[in-house]
Structures are given as structure tokens and as C-alpha cells.
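Novice: I would like to see how this sequence folds:
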Amino acid sequence: MNDAILQVDDIQKYYGNKGSLTKAVDHISFQVCKGEFLGIMGASGSGKTTLLNCISTIDTVTSGHIFVDGKDITALHGSQLADFRGKKLGFIFQDFNLLDTLNAYENISLSLSIAGVKPAEIQRKVLQISEALGICGVLDKYPYQMSGGQQQRVAAARAMVTDPAMVMADEPTGALDSNSSRMLLTMLTELNERLDATILMVTHDAFSASYCHRILFIKDGKIFNELNRGADSRKDFFAKILEVVSVLGGEQNDLL
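Specialist: All right, here's what the predicted structure looks like:
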């Protein structure tokens, strides 16, 4: 698959020792194409967050390889890892993680400043992403002066301003009310469709997952099932997700 931006090749992640070994990720392989919106679902303790952490280099694999843009990231160390995370990954957090002492422009531009990008180029990139997300009018405002939706978009702009290969979202709606969840999911869809962002989202929530193009269901550290949305409406896809969740049996209550 030539347009695969992510290739996960037979990765394993073990914790503990021989006497007490936990296989958090157990021989998982898959690919993600550029511009895809992938959901990773599973019950608590299924290994879904560990999988995301391995892909985002927050955690290291025990064995196997992960390729991003054709580069084996499992071979990176130290400053190489920090450089990879800074340039190739964007992160969407539940609580936005904006810095209160910086205005929107400064929050969005911070990662570029740290990377040593020239001020004129920083300004061009910040204005470009702000225009795409409709937040040019709040660039001089501080987080406390913005609505929740505006803060959300500033956080998304910060994640996208470095032109990352992938955007990572771990349970992004987990602590949000239903209205805020819908806003965030709509915004992720917008990033995906308008900016061609490749998004990996870990979730236990079928409603959130229904916004994705494809879902990987993780059980006991392995891929249990896979669903493609195809031409289905989000409502029909939601129903199919619930069917798979019900097949997972006793874990259904953990998933929903």
C-alpha cells in the first residue's frame, strides 16, 4: 500500500517478567492511509491506549516495527524521538491543555518557535491554519476570554500547525458533555476532510467511533475485529459498531 502513512508490523508490548507477564499488545499489524480517520476501540485494559502510546513513541515496543512516512520510528532514540514527536505528530487533548499566560496566537505558534522556525514563516502558518478553522478573530485573546468551542479550535490549530503526519487523540471526548463531544467530533471530521489530516482516535464510546472511517476493535491486546464505514451513514455505522460491541460479550458494559 503505497499511500500508507503508518505501518504497524507485528508489534508486541509486554510488561513485567517471566513470573508475571502481561501482554498489553500481542502481535498487532495494520496500516493507515494518508487522510484516514481511524478509530481504535476496546474495553478498559484491552491494550488500545498502550497501542496508541507505542505509535506516538510515548512507550517503546518489546518487539516489532512501526513505520511513519516510511521511517522506522522504533529505531529512534533520545533527541531523535523528541524531534519526531514535534514534527510528525499532533495531539488533541480532552482539556485542550492551552497555556493560560499565552494568547491564542502564542499558543498555536509555540511549537514552531521551539523548533526555530522564522517569525515570518510562523505568522504565515498560524494565519493559514487559523483561517481554515475560523479563529482569526480570537488570535489576540487569552484562553479565559474564549468560549469552549474557540479553545477547542485553538487547540486543534496548535496540533495541525506543524503539518503533522498524524493527529493522535486518546479518549478526546471522555470528560466532555454530549454537546461538547459533538463539537469536538465535528471539528475532528473537519480537520480530516478540509485539511486532509490523518487521525488516530482511541475511544471506548460507540457514538464517537461512528465519526471514523474505520474501526479496529482491540481485545486482550489483539485485533478482534475491523469495521469499515464505506458508504454507510453515520447512523448505520453506529448500529454496526454496537453489533460488534455486543459480540464482545461481557465487556459490553465497559465499552459503552
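Novice: moving C-terminal of the longest helix belonging to the chain, what's the next helix or strand?
Specialist: Scanning the chain for the helix with the most residues, using DSSP state H, yields helix 178-194. Note on helix 178-194: by DSSP states H and E, the next helix or strand toward the C-terminus is strand 199-203.
Novice: now that following strand: mean pLDDT?
Specialist: For strand 199-203, the mean pLDDT works out to 95.
Novice: Check the offset of the helix or strand following it from the chain's centre.
Specialist: Counting by DSSP H and E, the next helix or strand C-terminal to strand 199-203 is helix 206-209. Taking C-alpha atoms, centre = their mean, to the nearest Å, the mean C-alpha location of helix 206-209 is offset from the chain mean by 14 Å.
Novice: Would it be right to say that Q123 lies in a helix?
Specialist: Yes. Judged by DSSP: H, G, I helix; E, B strand; the rest coil, Q123 forms part of a helix.
Novice: and the nearest residue to it once chain neighbours are set aside, what does it touch?
Specialist: Leaving aside its chain neighbours, Q123 sits nearest to S109 (8.0 Å; criterion: C-beta to C-beta, 6 or more residues apart in numbering). C-beta coordinates here come from the backbone N, C-alpha and C atoms, glycine included. Counting by C-beta atoms under 8 Å, 6 or more residues apart in numbering, S109 makes contact with I122, Q123, K125, V126, V161.
Novice: relative to strand 199-203, how tilted is the longest helix of the chain?
Specialist: Using axes from the mean of the first three to the mean of the last three C-alpha atoms, to 10 degrees, the direction of helix 178-194 lies 150 degrees away from that of strand 199-203.
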